[in-house]
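> next comes the sequence, and after it the predicted model I'd like to discuss.
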Amino acid sequence: MPVAGQNAQTQQQKPPQSNEPSLGDLGFTPAQTEANAKLQARLNKRTHMLKIHQTLGIITLAPLAATVIVSSGAKPKHSHTAGGTVIEPSSAGVDLHAALGSASAIMYGLTAYYAIAAPKIRGVKPKGAIRLHRDLVWIHAPGMVLTPILGGIALNQENQGEKPHGIAAAHSYVAWTTVTAYAASAVAVSWPIHWKFWEK
Amino acid sequence: MRLALILGLLAAALPARAQNQWDLQQSTLTWHVTHPMHEVAGTSHDAKGKGICANGECNFLIAVPVNTFHSGDSNRDLHMLQVVRGAEFPMVLVRTSLPQAELNSPVISADLEVRFAGQTAHYSHVELHRTRHGNDVEITGTIPATCSDFKIERPSFLTVPIHNEIPVDFDVLWHPQ
């Protein structure tokens, strides 16, 4: 068997001879065999937009992770050495957390836009890993809306000298669920992964 | 009179014996794509084909719509369709011409002409394995296709492109007409 590519030559197709079967002999419908320039244009646009969606989605992981990392500096700490007194967070810590959270939300919105606006191809139902990727939207999208709202309520309660309570107490749980679902969504679309970087 | 009748029947029978046809009954075609993080295969069972033998020479044609290959992920399949310009060039055509005597060999060396993604590539001495099932003949083999043969821009994931090699395995069952 020849080595791939070594013996392959690209050239124009020659017309079939009389004793050669032709495509017309095989019984395909015209819809199957005819070129569809409109569909190709839609596919091209779809791929272009989904590539942007993918890039923005990966970039968004950075501010999301940073928001979670700096979150400890945005909430009150209970001192065990000073008789259980509450140490209020610095305003810089709160501002940084809020700024990173806002940046994550904006990036998330942009990422979502490119997925939503990408042309849909008629007759194709989501199947495989892309289905889980899409289904996880039902968790991280509401989470992305709810997390900053709950954060705002919690901050307001803290500013009034209250410990976050009620629905605001769920801010960090909602945030973690959102980030986990978002990360799972990114991994799901790449699944299954075979680590073979050592191979050429 | 009787001799003339026999000669006439012989004359009518000769072209029929010299020329026969084959129809593709079943097919499994599978492309393979390799990436440092992924190994993916897409399969189609929707190929159609015909073989015409005349004057000791057989010409075969197999055609399969590009959009009938499924990898188990609809997003990947649509991306594949886009990359190989599958809406613009919806069919993959494989042609080969063989001496009729070679059809009885267990291993056939064939020169294949593959038309795909608007390009035509030729593969010489591709090894085809033949197994007889009653009147039917099963042919298996691999087309050593590459992206560059068809000027396909290699898709990338995390900026790393897929390997250039995209071998296509085939397993086809021919039935004589």
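Yep, that arrived. Numbers count the residues shown, from 1 in each chain, chains lettered A, B, ... in the order given.
> list the contacts of A:Thr60.
Taking CB atoms under 8 Å, 6 or more residues apart in numbering or on different chains as the contact definition, A:Thr60 lies against A:104, A:107-108, A:111, A:182. For the C-beta atoms, the positions are set from N, CA and C on the backbone; glycine is no exception.
> could you redo the last one with a cut-off of 7 Å?
Counting by CB atoms under 7 Å, 6 or more residues apart in numbering or on different chains, A:Thr60 makes contact with A:104, A:107-108, A:111.
> who wins for neighbours among those?
For these, the largest number of neighbours (other CB atoms under 10 Å in any protein chain shown) sits with A:Ser104, at 26 neighbours.
> need the contact list for the closest residue to that one other than its chain neighbours.
Using CB to CB, 6 or more residues apart in numbering or on different chains and skipping the chain neighbours, the partner closest in space to A:Ser104 is A:Pro63 (4.3 Å). With CB under 7 Å, 6+ apart as the criterion, the residues that contact A:Pro63 are A:100, A:103-104, A:107.
> assign A:Pro63 to helix, strand or coil.
Here A:Pro63 is recorded as helix under DSSP: H, G, I helix; E, B strand; the rest coil.
> which pLDDT value belongs to it?
Among the per-residue scores, A:Pro63 holds a pLDDT of 95.
> next one: the one 5 residues further on
Per-residue confidence for A:Val68 comes out at a pLDDT of 91.
> now swap in B:Val168 and tell me
Value for B:Val168, per-residue pLDDT: 97.
> give me the neighbour count for it.
Considering only other CB under 10 Å, B:Val168 is surrounded by 21 other residues.
> apart from its neighbours in sequence, what residue is nearest it?
Computed as CB to CB, 6+ apart, the closest residue to B:Val168 that is not its neighbour in sequence is B:Ile143, at 4.4 Å.
> enumerate every residue touching the one you found.
Counting by CB under 7 Å, 6+ apart, B:Ile143 touches B:112, B:114, B:123, B:126, B:167-168, B:170.
> phi and psi next, for it.
Reported as degrees, to the nearest 10, the phi and psi values for B:Ile143 are phi -90, psi 120.
> name the nearest of the contacts of A:Pro63 relative to A:Pro148.
Closest approach between those and A:Pro148, by CB to CB: A:Ser104, at 9.0 Å.
> so what pLDDT did that closest one get?
95.
> tell me the secondary structure for it?
Here A:Ser104 takes the helix state, with states given by three-state DSSP.
> dump the contacts of A:Pro63 into TSV; add distance to A:Leu26 as well.
Putting those into TSV (distance: CB to CB, whole Å) gives the following:
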residue	distance to A:Leu26
A:Leu100	59
A:Ala103	56
A:Ser104	54
A:Met107	50
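> just these now: which is nearest B:Gly51?
Using CB to CB, A:Met107 is the member of the contacts of A:Pro63 that lies nearest B:Gly51, at 57.1 Å.
> contacting residues for the closest one?
The contact partners of A:Met107, taken as CB under 7 Å, 6+ apart, are A:56, A:59-60, A:63.
> what helix or strand is it on?
Per DSSP states H and E, A:Met107 falls inside helix A:91-117.
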